[in-house]
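> requesting a structural model of the entry that follows:
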Amino acid sequence: MKKMKRRTQRNILLGICVLAVIFLIVLLIRGIGRLTAGHADTSEGIGYIKNAEDEDITVIEEKISRLEEQDGEAGGERSLKERFSQAVVLGDAAALGFSEYNILNASSVAAEAGAHLDQADSLIQKTKELSPQIIFVSLGSSDVNDTNGDTARFTELYGDFLETLQTEIPDAHIFVNSVFPAQEKAYEENPAFEQIGEYNAALEQLCDSRQVGYIDNTGIVEDQYYEEDGIHFNRSFFPVWAENMAEVAAL
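The predicted structure follows:
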C-alpha cells in the first residue's frame with residue numbers, strides 16, 4: 001500500500017514537472033518569436049531554452065530518484081526495535097544485554113540476572129503487564145548448573161514454567177531459546193555446562209510436546225562474542241541473536 005502511494009506521488013510529481021517545462025518552453029518560444037519579428041539573433045534564446053529544458057529534466061530525475069530510494073527504504077527491513085515492538089524477551093542475565101546495550105526498547109525486555117525457572121513469577125507478571133503478542137524465553141542457564149546433569153529434572157522445571165506462562169498470557173505466541181553453550185574455561189567452575197547439548201535436546205523435545213516454538217542458537221555462537229568468563233556475551237552478539245529470533249518468528 002505504501003509503495004503504491006509513493007508511486008502515485010511520483011507520477012503526479014513527474015506530470016507537474018513536465019507541464020511546467022512545457023509551459024516554460026511555450027513562453028520562451030513566444031519571446032523568441034518577438035525577437036525574430038525584429039530580425040534579432042535567436043541563438044541565445046534557443047540556447048537558453050535548451051539549458052532550461054535540460055536543467056528541469058535533471059531536477060525531475062533527481063526527485064524521482066529520491067522517491068525511488070524512499071520506496072526502497074520503506075520496503076527494506078525495519079530496525080530491530082521496530083520489529084520487536086510487539087514482543088518481549090523474558091530471560092536471565094543474557095537477555096539483560098538487549099536493554100543494557102540499547103539493542104531493544106526497555107518495553108521489549110523482562111529479565112533478571114540469575115533468574116531461575118521456579119522463581120520466575122515476577123518476570124511473568126512483568127511480561128503480562130507489557131501485553132506482548134510474542135514472548136521469547138531465554139532461561140535455563142542457572143538451572144543447568146543447579147540440576148547438575150539431571151535433564152529430567154530440568155525439563156520438569158521448564159515444563160512447569162511454560163504451563164504458568166501459558167496460563168497467565170494465553171494469547172501470546174511463545175518461543176523458547178536454546179540454552180547457550182559455555183566455553184571450556186567455564187567448565188571447571190560449572191561442570192554441568194559440558195552437558196548443555198543434552199539439556200537442549202531434552203528442551204527441544206519438551207517444546208515439541210507442548211507445541212511451543214524452539215529456537216536453536218548454537219549455530220550463531222562464536223568465540224569472538226564471549227566475555228572473559230566464557231559464559232556471558234559482549235555487545236556484538238545481541239544483534240546477531242535478535243536477528244535469529246526474528247527470522248524464526250517471522251518478525
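
> His173: how many residues sit nearby?
14 (other Cβ atoms under 10 Å). For every residue, glycine as well, the C-beta is placed using N, CA and C.

> from memory it sits against Gly213, does it?
Yes: counting by Cβ atoms under 8 Å, Gly213 is a contact partner of His173 at 7.1 Å.

> anything in contact with each of these two?
Common neighbours of His173 and Gly213 (criterion: Cβ atoms under 8 Å, 6 or more residues apart in numbering): Ala249.

> what comes up buried for the helix or strand containing Pro239?
In this structure, Pro239 sits in helix 237-249 according to DSSP states H and E. Along helix 237-249, the positions that meet the burial threshold by neighbour count (16 or more other Cβ atoms under 10 Å) are Phe237, Phe238, Trp241, Ala242, Asn244, Met245, Ala246, Val248, Ala249.

> surely Ala110 and Lys128 touch.
No: the pair Ala110 / Lys128 is not scored as a contact, 9.2 Å apart, by Cβ under 8 Å.

> higher neighbour count, these two?
Per other Cβ under 10 Å, whichever of Ala110 and Lys128 has more neighbours is Ala110, with 26 against 16.

> please, where are all the helices along the stretch 101-250 of the chain?
121-130, 141-147, 151-168, 196-209, 237-249 (DSSP state H, counting those that start in this stretch).

> who are the contact partners of the closest residue to Asp121 other than its chain neighbours?
Counting by Cβ to Cβ, 6 or more residues apart in numbering, Asp121 lies nearest to Thr164, which is 7.6 Å off, once chain neighbours are set aside. By Cβ under 8 Å, 6+ apart, the residues touching Thr164 are Ala120, Asp121, Ile124.

> quick one: Thr164 from Ser178, how far?
To Ser178, Thr164 is 21 Å away according to Cβ to Cβ, to the nearest Å.

> distance check, the residue lying closest to Asp223 once chain neighbours are set aside against Phe136.
Sequence neighbours aside, Gln183 is the residue nearest to Asp223 in space, at 7.1 Å (criterion: Cβ to Cβ, 6+ apart). Separation of Gln183 from Phe136 (Cβ to Cβ): 24 Å.

> among these two, which residue is more densely surrounded?
Legend: neighbour count by other Cβ under 10 Å for Gln183 and Phe136, higher for Phe136 (29 against 15).

> for the more buried one, name its beta-bridge partners.
Val89, Phe175 (DSSP bridges).

> wait, it touches Met245, no?
Yes: the pair Phe136 and Met245 passes the contact test of Cβ under 8 Å, sitting 5.3 Å apart.

> need the overlap of contacts for these two.
In contact with both Phe136 and Met245: Val89, Phe175, Asn177, Ile215, using Cβ under 8 Å, 6+ apart.

> wait, which of the residues you listed is closest to Gln224?
Asn177 (19.8 Å; Cβ to Cβ).

> what is the neighbour count of that closest one?
Counted with other Cβ under 10 Å, Asn177 comes out at 26.

> can you tell me how far it is from Ser142?
14 Å.

> and what of Trp241?
Trp241 sits 18 Å away from Ser142, going by Cβ to Cβ.

> what of Arg83?
28 Å.

> and Leu104, by the same measure?
Here Leu104 is placed at a distance of 22 Å from Ser142 (Cβ to Cβ).

> and Ala94, what does it touch?
Counting by Cβ under 8 Å, 6+ apart, Ala94 touches Ala111, Ser138, Ser141, Phe180, His232, Phe233.

> the third one and Pro181 touch, don't they?
No: proximity of Ser141 to Pro181 does not meet the contact threshold set by Cβ under 8 Å, at 10.1 Å.

> which one of these two is surrounded by more residues?
Ranked by neighbour count (other Cβ under 10 Å), Ser141 and Pro181 place Ser141 first, with 25 against 19.

> cool, thanks, signing off.
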